[in-house]
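K.L.:
no FASTA, just this:
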């Protein structure tokens, strides 16, 4: 399902000044990804990542997920060559930001000896509204029934917003459609080639249709 958002993705990278050539050359970067909803807009997530290059360091990483200026969840991680933190909260419409702090202690002889890095992403507005996929009816293909025989056909719809309501025109004489389930059934009472139009409507008032033929024919040898 597609998610309707008013959101501007953002990522930030900050790094301390690399060590001089004569010192231990370890440095770390902090990147923070802006809050975003998951695929069905039930959760909002944000994450932060520290990567260290040239050697190890002692890292403390904390990350806050903030909605409308209030912290709604936090995460903490430690590491040496890197650290990552992920925080999430139930998707509630609002203005979100992610704020991360990384405190880094480099090995003896490194310049600088330590760093404290903070980054807060720009505000993003998340609506938490799920836009249904387009409503569609699966075409069942051509149908064939012998006259005076009973038959049934289950129609299927995808997308839209349930519950569905079904209707059909051009059904063979003796057949009808269940408006709630989309099941066509009945007993053929007249030989004819019919063009059936099946229509489904969803709870939001959208509709979709499909057409197929239904041939009611005489059995070649009814007494065989």
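P.N.:
Now that the structure is in, tell me what you want to look at. Computed from a prediction, not measured in an experiment: that's the story for all the values here.
K.L.:
doesn't residue 148 make contact with residue 187?
P.N.:
Yes - between residue 187 and residue 148 there is a contact under Cβ atoms under 8 Å: 6.9 Å. Using the backbone N, CA and C atoms, a C-beta is placed for each residue, glycine as well.
K.L.:
Can you tell me the centre-most residue of this structure?
P.N.:
residue 39 (2.0 Å; Cα atoms, centre = their mean).
K.L.:
what residue ranges in this protein score low on pLDDT?
P.N.:
The chain contains residues with pLDDT under 70 at 1-23, 222-224.
K.L.:
can I see the domain layout of it?
P.N.:
Residue ranges for the domains of the chain, per automatic domain parsing: 2-131, 136-217.
K.L.:
First-to-last residue distance for the last one?
P.N.:
Domain 136-217 has its terminal residues 30 Å apart, counting by Cα to Cα, to the nearest Å.
K.L.:
List the residues that contact residue 108.
P.N.:
residue 24 (Cβ atoms under 8 Å, 6 or more residues apart in numbering).
K.L.:
Now do the contacts for residue 157.
P.N.:
Contacts of residue 157 (Cβ under 8 Å, 6+ apart): 135, 136, 137, 138, 164, 182, 200, 202, 208.
K.L.:
again, only this time at 10 Å
P.N.:
135-138, 164, 166, 182, 198-202, 208, 210 (Cβ atoms under 10 Å, 6 or more residues apart in numbering).
K.L.:
Then residue 45?
P.N.:
Shown in contact with residue 45 (Cβ under 10 Å, 6+ apart): 33, 35-38, 65, 73, 86-89, 91, 98.
K.L.:
Give the closest residue to residue 120 in space, chain neighbours not counted.
P.N.:
Of all residues not flanking residue 120 in the chain, residue 99 sits nearest, at 4.2 Å (Cβ to Cβ, 6 or more residues apart in numbering).
K.L.:
do the same with residue 163
P.N.:
Excluding its sequence neighbours, the residue lying closest to residue 163 (Cβ to Cβ, 6+ apart) is residue 203, at 6.0 Å.
K.L.:
Next, count neighbours for that neighbour.
P.N.:
Counted with other Cβ atoms under 10 Å, residues neighbouring residue 203 total 12.
K.L.:
Let me see the backbone angles for it.
P.N.:
Torsion angles at residue 203 (phi, psi; degrees, to the nearest 10) stand at phi -70, psi -20.
K.L.:
ok, it to residue 196 distance?
P.N.:
From residue 203 across to residue 196, the span is 24 Å (Cβ to Cβ, to the nearest Å).
K.L.:
And for residue 47?
P.N.:
Computed with Cβ to Cβ, the distance linking residue 47 and residue 196 is 52 Å.
K.L.:
give the contact list for the residue nearest to residue 163.
P.N.:
Residue 203 neighbours (Cβ under 10 Å, 6+ apart): 132, 160, 161, 162, 163, 164, 165.
K.L.:
next one: residue 210
P.N.:
Per Cβ under 10 Å, 6+ apart, neighbours of residue 210: 136, 137, 138, 139, 140, 155, 157, 196, 197, 198, 199, 200.
K.L.:
try residue 193
P.N.:
So residue 193 contacts 142, 144, 172, 213, 214, 215, 216, 217 (Cβ under 10 Å, 6+ apart).
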